[in-house]
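Novice: could you look at this predicted model? Sequence included:
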Protein chains: 2
Amino acid sequence: MPELPNGKAAAATIVDVAQLAGVSIKTVSRVINNEVSVRQATRAKVLEAIERLGYKRNLFARSLRADKSFAFGLLYENPQGDYSADILHGALSACQEAGYHLVVEILSDDDISKQVERFLATTKVDGVFLTPPVCDDEEIINALERTATPFVRISPLNPAEQEAYVAINEFEAAREITNYLVSIGHKRIGHIAGAENHLSAMERSRGYRKALNDAGIIYDDSLVVSGNFDFDSGRLAAHDLFGLDSPPTAIFAANDEMAAGVLATAHEMGIQIPLECSLVGFDGGTISEVVWPKLTTINQSVRGLGVGAIRLLMDISENPEIEREPLFLPYAMKFGSSTSGPQVG
Amino acid sequence: MPELPNGKAAAATIVDVAQLAGVSIKTVSRVINNEVSVRQATRAKVLEAIERLGYKRNLFARSLRADKSFAFGLLYENPQGDYSADILHGALSACQEAGYHLVVEILSDDDISKQVERFLATTKVDGVFLTPPVCDDEEIINALERTATPFVRISPLNPAEQEAYVAINEFEAAREITNYLVSIGHKRIGHIAGAENHLSAMERSRGYRKALNDAGIIYDDSLVVSGNFDFDSGRLAAHDLFGLDSPPTAIFAANDEMAAGVLATAHEMGIQIPLECSLVGFDGGTISEVVWPKLTTINQSVRGLGVGAIRLLMDISENPEIEREPLFLPYAMKFGSSTSGPQVG
DNA sequence: TATAGTTATGACAACGTTGTCTTTTTCGAG
DNA sequence: CTCGAAAAAGACAACGTTGTCATAACTATA
């Protein structure tokens, strides 16, 4: 192996491999790319040469020639907390597994569509994965459609027909966990809703109402308080609920962080959970495990969303023509000790 | 702008710019790269042409020619929770700000050094950022040194002389928070240590001992229980501590997650925090905010570690010769309601 | 105004790969 | 054994950039 002035050994190229194997560079290229018309014997010779030289293909040259990056983009905004981290981790491992790369871009507020266009032009990613909340940004969607870039979103607010997206059936999950409260005997079930413009929030609230309806419980809007998914909104909402003349015997908070807020208020007001009031959340991340009592909640695989989205993206970018259906990922109830039957009497 | 068969407009290249500006491609190149010897008037002409055509330089061509990626690598292992997410976010935004890219690689267990070599060879990153725990993997360090790849670590166990790394002075921080407990009157202060092979754990414990020593309190090893940074280890350790004949009036848990475990045990055993026992943690992430009572803890900017590491890496890769010193980042005590003076009597 | 010394610009190759097109080889049928 | 078709292999250019070296255009000096 030749030695470079800087002391590093120069990496073997396709030319070196061709020479050693006694074939043309094009044949080596064919072997690397698993093309069909290469004789077994030739392929073997080439593979051996590759092995001997420790040849690794130069991705820049490939990308330059192909005018694509063999990578996907992940668009972010304001990443924080478990959620973003889990998605990212899922996406990363799915990419790695398939030999793709992932280019992560954090978008700032101003002139988003220009940012996206610049991102697409410079990175030449083969597809884009949009996480909430950017997955509902019209400007971004337009920019992607204008450049015919395949994309996958998580639970979009207004999915196009035949659009591919990944989601969890939050409506069903919310219905299920509310129904669980019903099934252990609760009739006055409070609800702390999530941020208003958020599809998840709407779906979870819808599931709550459906469960009540199915159980023949009349919807009482004094038991429903709006929150915005954060701890403090949960704390305040709980204050309202516990302050009612006839407070609920159970509460469904639209996510775990707000449920943690409910716990804090309960502790402050000396209300025992679950004895005096049962509590369920939604998400199933770290928070549900580190509070006391541990939360009964919906365990959704956020990591799975990341994995699913990337797999879908690979599929789409390879077979763009096929019709798509949304990919729904599994969820499951996780039982903590924040729930019990209502107090008698 | 020429139209491609697929309908996309072909991106302008340096050649188009040169033509429009009436100069050679080399001159355009010089302008793009801010080289000196270009006349003002020429530069202006070129810049205008660039603007008019919406020219963006092709990064693959550049990387191919330069045989480097203009990107940094971030090596991960088992990313989970706030910590990894915050670091990543910090690193990403620092990269973006400087026009670099970040290539994230998750390492699996087997044959790490081969994975690292493959990573370096295929991505050709200009430098590598190692997060715990991989920052203490000898194989990786060797692989990096062998290929003369600049790297920055977070709080390495055995930093080389003049090695650049980022860290928080955990010893001082731990001393400070323990001293706070002393200052509000505590004398029997328990400690739940972190994972044994972890530098952070050692430093935090050392700070604890130093504070006791400074206050003239005799170190009592029955008050020190080992944990491994996770919730359950905190729960168990608290069991031991609260079960002592003469339990501590305050506990310093080496991180917030273990402190949350202490809270759970306290709740289960009916011990009131902080009335009967004060509690402090370390980290200052989400957990410290969502438990009840909120934790008094050390607030460290994990995000800042990510930003700092990347900035350091840029500096190193641009000026490799200069001697380096570790970069210590600020921390601060954050007061929750898990602490108060000891009960009298 | 000629001349040397800068400074500014340009021509051209090279980076490593893959697409296009051409040539060679193989193999089965007659 | 020949021929033709199909399969396998090769020659060569092109992708867009930057480095090297050569040349042209400017300055300041004599």
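Specialist: Nice, thanks for sending it over.

Novice: correct me if wrong: A:G234 contacts A:I192.
Specialist: Yes. If you go by Cβ atoms under 8 Å, A:G234 and A:I192 touch, sitting 6.0 Å apart. (Glycine included, C-beta is placed from N, CA and C.)

Novice: hmm, stretch A:53-60 touching DNA strand D?
Specialist: No. Figure legend: stretch A:53-60 not in contact with DNA strand D (Cβ under 7 Å from any atom of the strand); closest approach 8.4 Å.

Novice: show the average pLDDT along that stretch.
Specialist: Stretch A:53-60 shows an average pLDDT of 95 in the prediction.

Novice: likewise stretch A:77-86?
Specialist: 74.

Novice: figure out how far that stretch is from the centre of its chain.
Specialist: For stretch A:77-86, the separation from the chain centroid amounts to 9 Å (computed by Cα atoms, centre = their mean, to the nearest Å).

Novice: first-to-last residue distance for it?
Specialist: Length of stretch A:77-86, first residue to last, Cα to Cα, to the nearest Å: 15 Å.

Novice: can you pull the residues that touch both of A:G234 and A:I192?
Specialist: Residues touching both A:G234 and A:I192 (Cβ atoms under 8 Å, 6 or more residues apart in numbering or on different chains): A:227, A:253, A:258, A:262.

Novice: wait, isn't the first one in contact with A:R235?
Specialist: Put plainly, it is A:G227. No. Using Cβ under 8 Å, A:G227 makes no contact with A:R235, being 9.3 Å away.

Novice: those two - which one has more neighbours?
Specialist: Using other Cβ atoms under 10 Å in any protein chain shown as the criterion, A:G227 and A:R235 rank with A:G227 on top: 27 against 20.

Novice: please name the residues that touch that one.
Specialist: A:192-195, A:233-234, A:236-237, A:253-254, A:258.

Novice: excluding sequence neighbours, find me the nearest residue to it.
Specialist: A:S233 (3.6 Å; Cβ to Cβ, 6 or more residues apart in numbering or on different chains).

Novice: packing partners of the strand or helix carrying the one you found?
Specialist: Assessed by DSSP states H and E, A:S233 sits inside helix A:231-242. Other elements packing on helix A:231-242 under the criterion 3 or more Cβ pairs under 8 Å, 6 or more residues apart in numbering or on different chains; DSSP states H and E are strand A:189-193, strand A:224-226, strand A:250-253, helix A:256-269.

Novice: pull out the buried residues from stretch A:322-340.
Specialist: Within stretch A:322-340, the residues that count as buried by 16 or more other Cβ atoms under 10 Å in any protein chain shown are A:324, A:326-327, A:329, A:331, A:334, A:336, A:338-340.

Novice: quick one: low-confidence ranges for chain A?
Specialist: Applying pLDDT under 70 to chain A flags the ranges A:1-9, A:79-81, A:345.

Novice: ranges for the helices of it?
Specialist: With DSSP state H as the criterion, chain A has helices at A:14-21, A:25-32, A:40-53, A:59-66, A:81-97, A:112-123, A:138-146, A:170-183, A:199-214, A:231-242, A:256-269, A:286-290, A:302-318.

Novice: keeping just the C-alphas, turn the fourth one into CSV.
Specialist: Backbone C-alpha positions of helix A:59-66 (Å, rounded to 0.1, in the frame of the first residue of the first chain) are rendered in CSV as follows:
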residue,chain,number,x,y,z
LEU,A,59,-18.9,7.4,-0.8
PHE,A,60,-18.2,10.9,-2.0
ALA,A,61,-17.2,9.7,-5.5
ARG,A,62,-20.3,7.5,-5.6
SER,A,63,-22.6,10.3,-4.4
LEU,A,64,-21.0,12.8,-6.8
ARG,A,65,-21.5,10.5,-9.8
ALA,A,66,-25.0,9.4,-8.7
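
Novice: what sits up against it?
Specialist: For helix A:59-66, the external contacting residues (Cβ under 8 Å, 6+ apart) are A:69-70, A:124, B:58, B:60-61, B:63-64, B:69, B:122-124.

Novice: do the fifth one as well
Specialist: Taking Cβ under 8 Å, 6+ apart as the criterion, the residues outside helix A:81-97 that touch it are A:71-72, A:74, A:76, A:79, A:101-102, A:104, A:129, A:131, A:154, A:283, A:285-287, A:302-311, B:79-82, B:84-85, B:88-89, B:104-106, B:286.

Novice: just the buried residues of that helix, please?
Specialist: Using 16+ other Cβ under 10 Å as the test for burial, helix A:81-97 gives A:81-96.

Novice: out of the residues you listed, which is nearest to A:A12?
Specialist: A:Q96 (23.8 Å; Cβ to Cβ).

Novice: from DNA strand D, how far out is that closest one?
Specialist: 26 Å (Cβ to the nearest atom of the strand, to the nearest Å).

Novice: do A:S317 as well
Specialist: With the distance defined as Cβ to the nearest atom of the strand, A:S317 ends up 20 Å from DNA strand D.

Novice: wait, that residue sits on A:P150?
Specialist: Yes. A:S317 is within contact range of A:P150, at 5.0 Å (criterion: Cβ under 8 Å).
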